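Peer 1: this one's sequence-less:
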């Protein structure tokens, strides 16, 4: 790693030591957020892997401001969305590409884009381009998975137009990051051939990638359990995006106790990172099998940058 990159990482790590669970914000509507992105200065979109509806919120307002049903576009009631990232007026989405709990391959291997537009109720999203469901074989090969199983939970937009896919599953103890170089072309036409870059294999101290976000000229990684049975805590890392370079853990980690971080989004003014928690366990405590919307919710916390 060159000297200038090292200096930048130390500066970032020192700047972001805060984050208190006393500052939790609760949002209603879904329990298991899995991917999200800002679509305005204070407006953000969130997906759940158990739904095919994108919910849109205003920061600080606990109720849903708008929703976008993608069932017709994807053809699935649940698209298993796990990663999202914004660039310009586009928000990109990916399914986990994982197998079912029984080991069989899922049909819903979607990757697609939505456009940020102005609707009657404010800023919203609409599908654009085509739905790609044919990229999993290449992602499996490039990740180094020997059994054909992968689990993608991170997605980040590169400044050169590429998309970075961050893998939760580990290969030889490391988490893969695979770059799709020509993302916009691939998502504009089904016959476009995907071009991939070199794969990065990151040592996150036994953790997998749970969220991936570009911040300035680096990438922020929220790392956590590679599987539900893993006994590791969550930690934040910086990475400069070079496949041969290491990820660097924050010197002072924020307080994420009691949270299950699934989404990390940088505010558009760059002053803080909004981390969203999967609170599915709290919903499981409600007696109803399918609790109403006002009994569903997730937690969010800001970490200064």
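Peer 2: Cool, got the structure. Just so it is clear, the structure is predicted and the values come from calculations on it, not from any experiment.
Peer 1: which residues touch stretch 134-144?
Peer 2: Residues from elsewhere that reach stretch 134-144 (Cβ atoms under 8 Å, 6 or more residues apart in numbering): 97, 109, 111, 148-150, 152, 165, 167, 169, 171-172, 176, 178, 180, 186, 190, 194, 196, 199, 201. Bear in mind the C-beta positions are built from the backbone N, C-alpha and C, glycine included.
Peer 1: inside strands: which ones of those?
Peer 2: If you go by DSSP state E, those have 111, 152, 165, 167, 169, 171, 176, 178, 180, 201 in strands.
Peer 1: farthest pair within these?
Peer 2: 111 and 201 (21.7 Å; Cβ to Cβ).
Peer 1: between these two, which has more neighbouring residues?
Peer 2: Shown here are residue 111 and residue 201; by other Cβ atoms under 10 Å, residue 111 has more neighbours (28 against 17).
Peer 1: which of the ones in strands among the contacts of stretch 134-144 ranks first by neighbour count?
Peer 2: Neighbour counts for those peak at residue 167, which has 30 neighbours (criterion: other Cβ under 10 Å).
Peer 1: now it. Nearest residue, chain neighbours left out?
Peer 2: The shortest distance from residue 167 to any non-neighbouring residue, by Cβ to Cβ, 6 or more residues apart in numbering, is to residue 176 (4.4 Å).
Peer 1: in the strand or helix carrying residue 302, what counts as buried?
Peer 2: Assessed by DSSP states H and E, residue 302 sits inside strand 297-304. By neighbour count on 16 or more other Cβ atoms under 10 Å, the buried set for strand 297-304 is 297-303.
Peer 1: which of these sits closest to residue 160?
Peer 2: Closest approach to residue 160 among these (Cβ to Cβ): residue 303, at 27.1 Å.
Peer 1: related to what we said a few turns ago, residues contacting the residue nearest to residue 167?
Peer 2: Residue 176 is in contact with 142-144, 166-167, 199-202, counting by Cβ under 8 Å, 6+ apart.
Peer 1: beta-bridge partners for it, please?
Peer 2: Beta bridges link residue 176 to residue 201, judged by DSSP bridges.
Peer 1: can you give me the mean pLDDT across the strand holding residue 302?
Peer 2: Rounded to a whole number, the mean pLDDT of strand 297-304 is 96.
Peer 1: good, wrapping up.
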